[in-house]
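**Q** Give me coordinates for this.
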Amino acid sequence: MALVASGQLSSMFYDTSCPVALDIIGSAITAAVRNEPRMGASLVRLHFHDCFVDGCDGSVLLADTGSFVGEQGAAPNTGSIRGMNVIDNAKTQVEAVCKQTVSCADILAVAARDSILALGGPFWIVPLGRRDSTTASKRNAENDLPPPSSDHQGLTDKFSNKGLSGLLHSDQVLFNGGGTDNTVRSFASNPAAFGSAFAMAMVNMGNIAPKTGTRNLGVASAGATHE
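**A** Residues are numbered from 1 along each chain as shown. Below is the predicted model:
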């Protein structure tokens, strides 16, 4: 498998410290998606909502504490994000073999890829080495995440603010006589091209402002306390 590196992230980050990490995560995610296929999309969305708020740092997994009000109660998240228990289960299994080594942020990034694989989608190599945040912000989540009511321009602006292009939201927004109609037609007639573009988009999203270094890398729990 080819080495993929992005900034300080590397697909080989755990090759020495926890070489079985990806296998453990993959088995946990595959089992969860087989048990409930809808969970695959939920885990991809969870990764998306994590990365769009202060970077891919696992902060979406943190429940409220006495010192901060986290992202789970933000309007775009409340009552809709799910899969935190699946990430926590994968984290527990990894911790049993490699204590405080693999970050929840990386587990979430790998889980998104393995969810797509379990549903028959494309494979991509996930750069690794993100460290976990110890805080989260409801306010930042409400400012940065596109609300369900976003129109085409609103979505374009939110993605552009994160250095991304290409929208995966809804047929009504993407195909309504606007500038993305040709993209929809092209992907509809060429599934392979869509798979390749989707994989690249997921890598790019996973590279949004990751925290790197060893501090807070592999905290003991994903911090998820409820669905």
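**Q** what's near enough to touch residue 14?
**A** 21-22, 98, 101-102, 106, 128 (Cβ atoms under 8 Å, 6 or more residues apart in numbering). Yep, even glycine has a C-beta here, placed from its N, CA and C like the rest.
**Q** Got phi/psi on it?
**A** phi -100, psi 10 (degrees, to the nearest 10).
**Q** That one and residue 126: what is the separation?
**A** 11 Å (Cβ to Cβ, to the nearest Å).
**Q** for residue 64, same thing?
**A** Per Cβ to Cβ, residue 64 is found 29 Å from residue 126.
**Q** ditto for residue 17
**A** Using Cβ to Cβ, residue 17 is found at 16 Å from residue 126.
**Q** Common neighbours of residue 14 and residue 126, please.
**A** residue 106.
**Q** With neighbour numbers in mind, choose between residue 17 and residue 126.
**A** More crowded of residue 17 and residue 126, by other Cβ atoms under 10 Å: residue 126, with 21 against 12.
**Q** Which helix or strand contains residue 87?
**A** For residue 87, the host element (DSSP states H and E) is helix 84-97.
**Q** Just the CA coordinates for that helix, please, in PDB.
**A** Presented in PDB, the C-alpha positions along helix 84-97 are these (Å, rounded to 0.1, in the frame of the first residue of the first chain):
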ATOM      1  CA  MET A  84     -21.000   8.000  18.800                       C
ATOM      2  CA  ASN A  85     -21.500   4.600  20.600                       C
ATOM      3  CA  VAL A  86     -20.000   2.800  17.600                       C
ATOM      4  CA  ILE A  87     -16.900   5.000  17.700                       C
ATOM      5  CA  ASP A  88     -16.700   4.500  21.500                       C
ATOM      6  CA  ASN A  89     -16.900   0.700  21.000                       C
ATOM      7  CA  ALA A  90     -14.100   0.800  18.400                       C
ATOM      8  CA  LYS A  91     -12.100   3.000  20.700                       C
ATOM      9  CA  THR A  92     -12.600   0.500  23.600                       C
ATOM     10  CA  GLN A  93     -11.400  -2.400  21.500                       C
ATOM     11  CA  VAL A  94      -8.300  -0.400  20.300                       C
ATOM     12  CA  GLU A  95      -7.500   0.600  23.900                       C
ATOM     13  CA  ALA A  96      -7.500  -3.000  25.000                       C
ATOM     14  CA  VAL A  97      -4.500  -3.600  22.700                       C
END
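**Q** any idea how far that helix is from the chain center?
**A** Distance of helix 84-97 from the chain centroid (Cα atoms, centre = their mean, to the nearest Å) equals 16 Å.
**Q** For this protein, which residues score under the pLDDT cut-off?
**A** 1-7, 165, 167-181, 214-227 (pLDDT under 70).
**Q** Can you tell me how far the spatially most central residue of the chain is from residue 114?
**A** With distances taken as Cα atoms, centre = their mean, the residue of the chain nearest its centroid is residue 47 (1.8 Å). According to Cβ to Cβ, residue 47 and residue 114 sit 11 Å apart.
**Q** for residue 195, same thing?
**A** Residue 195 is 15 Å from residue 114, by Cβ to Cβ.
**Q** Tell me which of those two has more neighbours.
**A** Between residue 195 and residue 114, counting by other Cβ under 10 Å, residue 114 is the more crowded of the two (24 against 16).
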